[in-house]
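Novice: Predicted coordinates and the sequence they were generated for:
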Amino acid sequence: MRLKYLPTSVLVVWLLFATSASAQDNPLEDPDLQQLLKQAQEMQKNARDLQKSPGSPDTRKKLADMEAMAKEQAAQQEQEEKDEKEKLQAALKKQLEAPGPVAFPEWTPVTPEFKPAGKPTKKLVDEEVKIVQTGTSSLTPEKIAESWQASAAAANNLNQSLNKISVNGKTTRILFLSTRTDPRQEVELEASLEPGSKVTQVEISSPLPKPEIGSE
């Protein structure tokens, strides 16, 4: 009998609701999500009622229909997520290949003793397009980060957050800077020095605005 599969089927419906709700700023105000939640609650109530008398053919049919509905909703949700991911990848590819100047925000601090390995370029990193430039500096990660922090403080309109990392003798400083007003801009500095080395590896990056994903 298929009764033992019921809890999983009902759980799938609840997971569908949770996944959809997490993508909304105010999920409880979304009529579609409210309807989905109501359906899940009704399915859970019906399941409890049906489990009290699971032996009749009518009951078995209802249980099978509920399981089929849950599987159908799960498949639909999976397809929607796949479609959204494909649209995002297409939008990111278009943004990556778009012509035009590639430059960091004007307020980006100057990196002391910086020797660039090349010009800033666009790269796809973790489902977002970033402007990235790498290079080296003769200064330590601490000194480079301090210089950036001083510039940010002098600008008086930037938020900053510094991470200090030391692992197996390798010293790393990661500094995040962002504007306090819209449109929001961000720049990240990562400076790392391997043990025994006198040259600090530097990477500067800045994410581009998220591309709009239109319906096709």
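Specialist: Thanks, I have it.

Novice: All the helices of this protein, in order from the start?
Specialist: Ranges of helices in the chain, per DSSP state H, are 6-22, 31-51, 57-97, 141-155.

Novice: Format those as a markdown table; extra columns: mean pLDDT.
Specialist: Formatted as a markdown table, the helices of the chain follow (pLDDT from 0 to 100):
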| stretch | mean pLDDT |
| --- | --- |
| helix 6-22 | 48 |
| helix 31-51 | 70 |
| helix 57-97 | 85 |
| helix 141-155 | 97 |
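
Novice: among the ones you listed, which is nearest residue 131?
Specialist: Residue 131 lies closest to helix 57-97 among those, at 10.9 Å (C-beta to C-beta). To be clear about C-beta, it is placed using only N, CA and C from the backbone, and glycine gets the same treatment.

Novice: So which elements touch that closest one?
Specialist: Other helices and strands packing on helix 57-97, by 3 or more C-beta pairs under 8 Å, 6 or more residues apart in numbering; DSSP states H and E, are helix 6-22, helix 31-51, strand 121-125, strand 128-137.

Novice: rewinding a little: and residue 118, which of the helices of the chain is closest to it?
Specialist: Of all these, helix 57-97 comes closest under C-beta to C-beta, at 16.9 Å.

Novice: How far does that closest one sit from its chain's centre?
Specialist: 20 Å (C-alpha atoms, centre = their mean, to the nearest Å).

Novice: got it, and stretch 157-177?
Specialist: Worked out by C-alpha atoms, centre = their mean, stretch 157-177 lies 21 Å from the chain centre.

Novice: go on, stretch 108-124?
Specialist: Relative to its parent chain, stretch 108-124 has a centroid offset of 25 Å by C-alpha atoms, centre = their mean.

Novice: For that stretch, which residues meet the burial criterion?
Specialist: Buried residues in stretch 108-124, defined by neighbour count with 16 or more other C-beta atoms under 10 Å: 108-109, 111, 114, 120, 122.

Novice: now, the most widely separated pair of these?
Specialist: Longest distance between any two of those is 20.8 Å, between 109 and 122; criterion C-beta to C-beta.

Novice: Closest to residue 42 out of the buried residues of stretch 108-124?
Specialist: residue 122 (49.2 Å).

Novice: quick one: contacts for the closest one?
Specialist: Neighbouring residues of residue 122 by C-beta atoms under 8 Å, 6 or more residues apart in numbering: 95-96, 102, 129-132, 208.

Novice: repeat that with 6 Å
Specialist: Counting by C-beta atoms under 6 Å, 6 or more residues apart in numbering, residue 122 makes contact with 96, 102, 129, 131.

Novice: That one and residue 175, how far apart?
Specialist: Taking C-beta to C-beta, to the nearest Å as the measure, residue 122 falls 21 Å from residue 175.

Novice: likewise residue 166?
Specialist: 15 Å.

Novice: next one: residue 121
Specialist: 21 Å.

Novice: What of residue 200?
Specialist: From residue 200 over to residue 175 (counting by C-beta to C-beta), the distance is 13 Å.

Novice: Thanks again, I'm all set now.
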